Structure formats: structure tokens, C-alpha cells
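Trainee: Test case, fold it:
(chains A and B)
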2 protein chains.
Amino acid sequence: MDFFPSALDNLIDKFASLPGIGHKTAQRLAFFVMSLPEGEAESFALAITEARRLLRFCSVCCNLTDSEICSICGNPRRDSGVICVVADPKGLLAIERAHEYHGLYHVLHGVISPISNIGPDDLTIKELIARVSDGDIKEVIMATNPDTEGETTARYLGRLVKPFGVKVTRLAYGIPVGSSLEFADGVTLMRALEGRLEL
Amino acid sequence: MDFFPSALDNLIDKFASLPGIGHKTAQRLAFFVMSLPEGEAESFALAITEARRLLRFCSVCCNLTDSEICSICGNPRRDSGVICVVADPKGLLAIERAHEYHGLYHVLHGVISPISNIGPDDLTIKELIARVSDGDIKEVIMATNPDTEGETTARYLGRLVKPFGVKVTRLAYGIPVGSSLEFADGVTLMRALEGRLEL
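Mentor: This is a model prediction of the structure:
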């Protein structure tokens, strides 16, 4: 398209490279940014640079943080004997939102996925083992996603962690609260039956 | 949410301020940008700054450009006797994509909208009148959107431009090509009947 200047085309391409953003949406976003006062556009650009520059992995749990240790690992009121293993910071966020878990986390930054060429060495498994081998951990909760790759990763980690004499658990499968049996798939129902609890 | 560092929260907020981007999508986009190599995140930020810094309005048609005159106004093969008036650069883009129009444009950067407090003085109407009064223009095509505000703006401009002895036209209303009569609304059908052409 030679009727838009290259700086604009470039910005549209950048937006279009984001996940789930098609060319039309990218165009809309680029025009919106162009319509912002220069200071606001500037501060958008700065937010990207700063976030990318300041953020790093917590040296304990590998969550994103802007200091050496993240606010969860640095919180003395959290139970340091339990580690909840999540695939990414979004998983951590989801569990934090439930306001029910008071232990620590370990962020893998991915799951084992041969199809995407992600093996155990690409995840923060070394760091997890180091934490568990330190000896103060009583339980490791696997909270990867309930899909094939999440499941495989959880089983793989379970085998690695158990020899340290640590209790290894997995989030329960079952019917989502507030949903209807009618819409539950067969595998979920089977798991819900298997995991049934006494009333 | 105190479990994310403020630089990340800030970036999520910036994405969420874009039109049509909710909080969850903003989070996804921010995490994606964080996962980019630092150079790529940097070049995203730079694309915003550069686009906002380099782009300005063409001194003739008010389209976005990075030089004094945009590539359409500067193209000697385009018919400089016809001006197509569009509300914004997206309108221009849509018409260019049809590869059928070879005249020049005029970008209003909005439409008259009392409800959004946009009056004639907020648009590039002065500039349009200046072009028309120069004398070489034979026809002005109104190509604002076919809604109330676009229509009002087109009529308003038509009244301003006609005294200069210029032919003023409006894009035809009718059934979209490839669509079905069944789905056409009554007003469109009425306009299609009114504008019927001899075969």
C-alpha cells in the first residue's frame, strides 16, 4: 500500500504481529495511537520499553518482577512449605484471584510440548528441583492446564519431585461451579465421578 | 493487583486503553510483548514514537503523510480536477482498494456531530473550501459514511461548495454487490429503488 507513509505501515505491522490482532484491528489501533496527543503516544512507547527493561524473573519462583525477589516470595505471611507449579504468570494470576491459596508459586514459563519443540530444558525445572531439594518444601501442587501438554508436564515433574520425599498433588478435575451437567463433556464427567467426595 | 510489578500493570493499562481491547486481551498482549526479545519490544516502542513524530497532515488533502505533500496529491497521473471527500484515512483506504478512483482526496478527520461536540470548525473544511475556490476543481464527490452524521456533513459541505460552480455528487446508495435482497434493510432498498438505472 503506497498511499500510507512507511512509518504508519510499520506501526500497523507491529500491531498486527500481536497474537489475535488481525490487519484491520491493527489498522484501527494504529490510527487510534496516531490520534493520541504526542505525550500519550510517547508514554505508550515508554511503557513497552520500561516494562521490557525493568521486568525480570524472580530469582526464587521465576515469576515476572521488577526486583530480585517477587512480592509473593518476599511476603513472610505466605506458607513457604507449599509450592504451586503454574505454566505461566497468567495461571498464577488466576489462582491468586481465587484468594484461597497462601503458599508460594513456581512459574515454568511453558509446558513440555514436543510439537512446539519445547523440552524440559526450556522450562524452569532446574530451579524447581533446586527449591525442592533444599528440604523445607512439604507439598508441590501441579497447576498446569488440564490439557495433554499440561498433564504430561505435571506427570513428568511429579516423577522428578517425589524422590525428595515431597507430597505431590494435582488440581482437582470436575464440573465447573455454576455450570450445568448438560454442557459438561464426557471426560470431565468421568473425572468428576472418579474424584467424587463423601457428603 | 499487587502481585504484578507496576511496570507490567502500566503496560497492561496502556493496551487496555486502546479501542476494543478489554482487560484480558490487554494482559495477553502485554505478556506477549514481555516474551519478545528485547530488540523487538524496543522496535515496537520505536514504531509508535516514530509514527507519531514523523506523521503529519498533507498540506493539500490533510491525509496522513511523512512529507509535505502525500503520495496521492504528489502523483501527476491522478486527476487533479476531482476531489473525493472522506471522513478519515480509513475511508480513503477503502476507496483506494477499489482501484477505480483516480482523482484526489480530501480528508475531513471527522464528521459534524453535535452529540460528540464536533462542529464544522473541528474539521478540515477551511482547507477544502480553499482548494475548491482555487478554481481548477470540476467535481467534489462526497464519500462520508452513509449514516446520519456522514449524511449531514455531506449536505452541509455540498451547500458550501456549490456556490463555486463545482459539481457536487454523493456515492450511490443501494444493495451491496454479492449480498442478498433478503438481508437488505428497508431504507437501503428504498434508496436502491430511487437510484435505479436503466439496463
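
Trainee: And the strand ranked longest in chain A, what's buried?
Mentor: Secondary structure of chain A read by DSSP state E shows that its longest strand is strand A:79-86. Counting neighbours by 16 or more other CB atoms under 10 Å in any protein chain shown, one finds that the buried residues in strand A:79-86 are A:Val82, A:Ile83, A:Cys84, A:Val85, A:Val86. For the C-beta atoms, the positions are set from N, CA and C on the backbone; glycine is no exception.

Trainee: which other helices and strands contact it?
Mentor: helix A:89-97, strand A:103-107, helix A:125-133, strand A:139-142 (3 or more CB pairs under 8 Å, 6 or more residues apart in numbering or on different chains; DSSP states H and E).

Trainee: what angle sits between the third one and strand A:79-86?
Mentor: What it means is helix A:125-133. Using axes from the mean of the first three to the mean of the last three CA atoms, to 10 degrees, the inter-axis angle of helix A:125-133 relative to strand A:79-86 is 150 degrees.

Trainee: What residues of helix A:125-133 count as buried?
Mentor: A:Ile125, A:Glu127, A:Leu128, A:Arg131, A:Val132.

Trainee: pLDDT (mean, whole number) over it?
Mentor: Helix A:125-133 shows a mean pLDDT of 94.

Trainee: which secondary structure elements does the lowest-mean-pLDDT helix or strand in chain A contact?
Mentor: When the helices and strands of chain A are scored by mean pLDDT, DSSP states H and E, helix A:186-194 comes last with a mean of 79. In terms of contacts (3+ CB pairs under 8 Å, 6+ apart), helix A:186-194 is packed against no helix or strand at all.

Trainee: Just the buried residues of it, please?
Mentor: A:Thr188, A:Arg191, A:Ala192.

Trainee: show me the contacts for the last one.
Mentor: A:Ala192 sits next to A:Tyr173, A:Gly174, A:Ile175, A:Ala184 when contact means CB atoms under 8 Å, 6 or more residues apart in numbering or on different chains.

Trainee: Can you give me the buried ones in stretch A:44-63?
Mentor: A:44-52, A:54-55, A:57-58, A:60-63.

Trainee: Give the rounded mean pLDDT of it.
Mentor: Here the average pLDDT along stretch A:44-63 is 90.

Trainee: That stretch: how far from the chain's middle?
Mentor: Relative to its chain's centre, stretch A:44-63 lies at 15 Å (CA atoms, centre = their mean, to the nearest Å).

Trainee: what about it, how long is it end to end?
Mentor: 24 Å (CA to CA, to the nearest Å).

Trainee: quick one, what contacts the spatially most central residue of chain A?
Mentor: The structure's chain A has its C-alpha centroid closest to A:Asp88; by CA atoms, centre = their mean the separation is 1.7 Å. By CB under 8 Å, 6+ apart, the residues touching A:Asp88 are A:Val107, A:Leu108, A:His109, A:Gly110, B:Phe31.

Trainee: Please repeat the previous calculation with a cut-off of 7 Å.
Mentor: Listed by CB atoms under 7 Å, 6 or more residues apart in numbering or on different chains, the contact set of A:Asp88 reads A:Val107, A:His109.

Trainee: Is A:Gly20 within a helix or a strand, and which one?
Mentor: Following DSSP states H and E, there is no helix or strand that holds A:Gly20.

Trainee: Could you count how many residues lie near it?
Mentor: By other CB atoms under 10 Å in any protein chain shown, the residues close to A:Gly20 number 10.

Trainee: where does it fall, phi/psi-wise?
Mentor: phi 80, psi 10 (degrees, to the nearest 10).

Trainee: where does chain A have low pLDDT?
Mentor: Scanning chain A for pLDDT under 70 picks out A:1-3, A:198-199.

Trainee: burial of the closest residue to A:Pro120 other than its chain neighbours, as a residue count?
Mentor: The spatial neighbour of A:Pro120 that comes closest, neighbours along the chain excluded (CB to CB, 6 or more residues apart in numbering or on different chains), is A:Ile112 at 6.0 Å. Using other CB under 10 Å, A:Ile112 has 22 other residues around it.

Trainee: for A:Ile112, phi and psi?
Mentor: phi -70, psi 130.

Trainee: who touches it in this structure?
Mentor: Listed by CB under 7 Å, 6+ apart, the contact partners of A:Ile112 are A:Ile118, A:Gly119, A:Pro120, A:Glu149, A:Thr152, A:Thr153, A:Tyr156.

Trainee: any chance of these in TSV, plus neighbour count and secondary structure?
Mentor: Formatted as TSV, the contacts of A:Ile112 follow (neighbours: other CB atoms under 10 Å in any protein chain shown; DSSP: H, G, I helix; E, B strand; the rest coil):
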residue	neighbour count	secondary structure
A:Ile118	17	strand
A:Gly119	12	coil
A:Pro120	13	helix
A:Glu149	18	helix
A:Thr152	15	helix
A:Thr153	25	helix
A:Tyr156	16	helix
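
Trainee: Figure out how far the lengthiest helix in chain A is from the centre of its chain.
Mentor: Assignment by DSSP state H gives helix A:38-54 as the longest helix of chain A. Here the centre of helix A:38-54 is set off from its chain's centre by 23 Å, with CA atoms, centre = their mean.

Trainee: by how many degrees do that helix and helix B:38-54 diverge?
Mentor: Using the same axes, to 10 degrees: helix A:38-54 against helix B:38-54 is 170 degrees.
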